[in-house]
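K.L.:
Just the structure for this:
(chains A and B)
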Amino acid sequence: MTAFVNVRAEDFTGLAHRDTTVIRASLRGTADFAAIASLESVLAQIHEEAIRSPTHEVVVDLKQLEFMNSSCFKMFVTWISEVLDLDEGKQYRIRLVSDPGMHWQKRSLHSLQCFAVDLISIDT
Amino acid sequence: MTTSPAYFELNFRPNVILVSVVRRFVTEFYRRFFDPDSTSRVALATHELLENAVKYAKDGETTIRIQVGTSTPTTVEIVLRNRARDENIAQIRELLAGLARAATPHDFYQALLVEKAKVKDGSGLGIARVVAEGEMAVRYEVVDGDIVVISATTTVGPQGR
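P.N.:
From the prediction side, this is the model:
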């Protein structure tokens, strides 16, 4: 499958492709200050594609994401907020796939889920 | 566990590259004392405090001191000192006052996520994240007019949390 997102920075990679009505994305490396522009681009492209064509779910694999700082975390918050702002029929669910061994993910993803409990699910 | 407090202090001009280097360094330091979950949350808090210093230090100079106590449960204290502008001091004051008024740090953090979701510049979440996700108590004082001393503390049990 062809990736419509393929962003590679020094210590951060973001990929995404469409699988019928599901967009599957993966983020790897470190989402810190140096990755802000890259992550912003990844999330913007995913949102644009999700709106462009019928999408019921975006699955984001974070299992190889070592760390996320608050600036990058806030980009997720902004993205989720934009999905919440869509008409109900155009909203899509977001499934975050985490690795229990990446301990930061437990608290951070829980906070994201609390922010939009009906929209977000977390797979461990 | 050592029998005397372990600590280190760095005096440096932080930049974004150094912040990540220091996070990896302190993660290794914490790993000597804590379980993986506690290591992760305290390392996250350290990173956020350092990034905060990068953004708000008036002259870029920052001192960070990290001390791990010997009692059980173990106390960890992270102290940052730097010069800050009046408006940044006011922001810290306002944020910590809001945290003190909130029923729980989690409630405050969630309200802040809603508030900041549509704000374009900066995250404005760093210190609240230290408290809510890092589970650290944060206080500050201002000395000599513009030197901000931010102290973050938490306890870690012998088997972790």
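
K.L.:
What residues does chain B have near chain A?
P.N.:
By C-beta under 8 Å from any C-beta of the partner chain, the residues of chain B that approach chain A are B:16-17, B:19-20, B:23, B:36-37, B:39-41, B:44, B:47-48, B:51, B:54, B:106, B:109-110, B:113-114, B:116-118, B:122-126, B:129, B:132-133. Yep, even glycine has a C-beta here, placed from its N, CA and C like the rest.

K.L.:
Residue B:54: neighbour count?
P.N.:
17 (other C-beta atoms under 10 Å in any protein chain shown).

K.L.:
Just the element for it, please.
P.N.:
helix B:36-56 (DSSP states H and E).

K.L.:
Return the members of the residues of chain B next to chain A classed as buried.
P.N.:
B:16, B:19-20, B:23, B:37, B:39-41, B:44, B:47-48, B:51, B:54, B:106, B:109-110, B:113, B:116-117, B:123-126, B:129, B:132-133 (16 or more other C-beta atoms under 10 Å in any protein chain shown).

K.L.:
hmm, back to that, which secondary structure elements does the helix holding residue B:54 contact?
P.N.:
If contacts are counted by 3 or more C-beta pairs under 8 Å, 6 or more residues apart in numbering or on different chains; DSSP states H and E, helix B:36-56 sits against helix A:70-85, helix A:103-115, helix B:16-31, strand B:57-68, strand B:74-84, helix B:126-132, strand B:147-156.

K.L.:
how about a cut-off of 7 Å?
P.N.:
Secondary-structure packing of helix B:36-56 (3 or more C-beta pairs under 7 Å, 6 or more residues apart in numbering or on different chains; DSSP states H and E): helix A:103-115, helix B:16-31, strand B:74-84, helix B:126-132, strand B:147-156.

K.L.:
which stretch in those has the least confidence?
P.N.:
Looking at these, the lowest mean pLDDT belongs to helix B:16-31 (a mean of 88).

K.L.:
Just the C-alpha atoms of that one, please, in CSV.
P.N.:
The C-alpha trace of helix B:16-31 is given here as CSV (Å, rounded to 0.1, in the frame of the first residue of the first chain):
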residue,chain,number,x,y,z
VAL,B,16,16.5,21.9,22.5
ILE,B,17,19.2,19.5,21.6
LEU,B,18,20.7,19.5,25.1
VAL,B,19,17.2,19.0,26.6
SER,B,20,16.9,15.6,24.9
VAL,B,21,20.4,14.7,25.8
VAL,B,22,19.8,15.5,29.5
ARG,B,23,16.5,13.6,29.5
ARG,B,24,18.4,10.5,28.3
PHE,B,25,21.1,11.1,30.8
VAL,B,26,18.7,11.5,33.8
THR,B,27,16.6,8.5,32.6
GLU,B,28,19.7,6.4,33.1
PHE,B,29,20.3,8.1,36.5
TYR,B,30,16.8,7.4,37.7
ARG,B,31,16.9,3.9,36.4
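
K.L.:
Run through who's touching it.
P.N.:
A:30, A:32-34, B:12, B:39, B:42-43, B:46-47, B:50-51, B:54, B:66 (C-beta atoms under 7 Å, 6 or more residues apart in numbering or on different chains).

K.L.:
Quick one: buried ones out of these?
P.N.:
By 16+ other C-beta under 10 Å, the contacts of helix B:16-31 give A:30, A:32-34, B:39, B:42-43, B:46-47, B:50-51, B:54, B:66 as buried.

K.L.:
Name the residues linked to the residue positioned nearest the centre of chain A by a beta bridge.
P.N.:
By C-alpha atoms, centre = their mean, chain A has its centre lying nearest to residue A:60, at 4.8 Å. For residue A:60, the beta-bridge partners are residue A:25, residue A:96 (DSSP bridges).

K.L.:
Could you measure from it over to chain B?
P.N.:
Counting by C-beta to the nearest C-beta, to the nearest Å, the gap from residue A:60 to chain B is 18 Å.

K.L.:
any idea of the pLDDT on that residue?
P.N.:
You'll see residue A:60 listed with a pLDDT of 98.

K.L.:
cool, and residue B:60?
P.N.:
Looking at residue B:60, its pLDDT reads 73.

K.L.:
Please state the backbone phi and psi of residue A:122?
P.N.:
Residue A:122 adopts backbone torsions of phi -120, psi 130, taken as degrees, to the nearest 10.

K.L.:
Right, I'll leave it there.
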